[in-house]
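**Student:** sequence first, predicted model second:
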Amino acid sequence: MLSIVVLISGNGSNLQAIIDAIEDNKLHAKIKAVISDKEEAYGLERARNAGIATFVITATKGEPREAYDERLRSLFIEQNPDLIVLAGFMRILSNQFVRYFSGKIINIHPSLLPKYRGLHTHEQVIANKDTEHGVSIHFVSEELDGGAIIAQTKIDVKKSDTVATLKKRIHSKEHKLYPQVIDWFALGRVHLHNETVMLDDIKLPEQGLQVKF
């Protein structure tokens, strides 16, 4: 069975969606541990309620990113997961860390990448009067939100939409798409080959598989 470690920084709603999918037998994986860089992250409580081991690795004042990531890397080597899942983890991982776990780290991002990398994606959609918005799941690379895209799902932007309504609608899509993509890993369907995503041994386009819910 696919073993995963989930990295979080906050509320952990995507973590909860993964936990629920496993309990409902929709995701054939086991969460070995949940790790947070924030002691107050509510996602840690979600993990404990599900009987999952939790770890907190906070950054010390003035600590270089590489030093923090080396502590994180040591824990991952100890846990030895098949897949590292970023679910609202707000730290940027060092290039050395990403290279070490290349092809084994995925992230979820609330935009139709390559548009709107980084933060405040909903605000940018509203400001630019976009007609569509969405979610992307991608392999983590040394470039921020620039790794090969595995899958996307879209929503139409309504004239009445606000940042709050967009965020709520996007979250509902995230909670469906992330467990589904992780299950592709569990079933051995998806992998990274020469910076290209392969699904069922078929090369996916640059924007990944377009999934509808």
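**Tutor:** Yep, it's here. Computed from a predicted structure; not experimentally measured. Residues are numbered from 1 along each chain as shown.

**Student:** how about the nearest residue to G208, chain neighbours excluded?
**Tutor:** In this structure, G208 finds its nearest non-sequential neighbour in I149, 3.7 Å apart by C-beta to C-beta, 6 or more residues apart in numbering. C-beta coordinates here come from the backbone N, C-alpha and C atoms, glycine included.

**Student:** quick one: the helices in this structure, in order.
**Tutor:** Here the chain has its helices, by DSSP state H, at 13-23, 42-49, 65-79, 95-100, 121-127, 163-186.

**Student:** any chance of JSON lines for these, columns mean neighbour count, mean pLDDT and distance to V56?
**Tutor:** Below are these laid out as JSON lines (neighbours: other C-beta atoms under 10 Å; pLDDT from 0 to 100; distance: least, C-beta to C-beta, whole Å):
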{"stretch": "helix 13-23", "mean neighbour count": "20", "mean pLDDT": "98", "distance to V56": "14"}
{"stretch": "helix 42-49", "mean neighbour count": "18", "mean pLDDT": "98", "distance to V56": "7"}
{"stretch": "helix 65-79", "mean neighbour count": "15", "mean pLDDT": "95", "distance to V56": "11"}
{"stretch": "helix 95-100", "mean neighbour count": "16", "mean pLDDT": "96", "distance to V56": "18"}
{"stretch": "helix 121-127", "mean neighbour count": "18", "mean pLDDT": "98", "distance to V56": "27"}
{"stretch": "helix 163-186", "mean neighbour count": "18", "mean pLDDT": "98", "distance to V56": "22"}
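
**Student:** of all those helices, which one is nearest I106?
**Tutor:** helix 163-186 (7.2 Å; C-beta to C-beta).

**Student:** can you state the direction angle for that closest one and helix 13-23?
**Tutor:** Orientation of helix 163-186 against helix 13-23 (axes from the mean of the first three to the mean of the last three C-alpha atoms, to 10 degrees) gives an angle of 40 degrees.

**Student:** what packs against helix 163-186?
**Tutor:** Helix 163-186 sits against strand 2-8, helix 13-23, strand 29-36, strand 83-86, strand 105-109, helix 121-127, strand 132-139, strand 149-156, with contacts defined as 3 or more C-beta pairs under 8 Å, 6 or more residues apart in numbering; DSSP states H and E.
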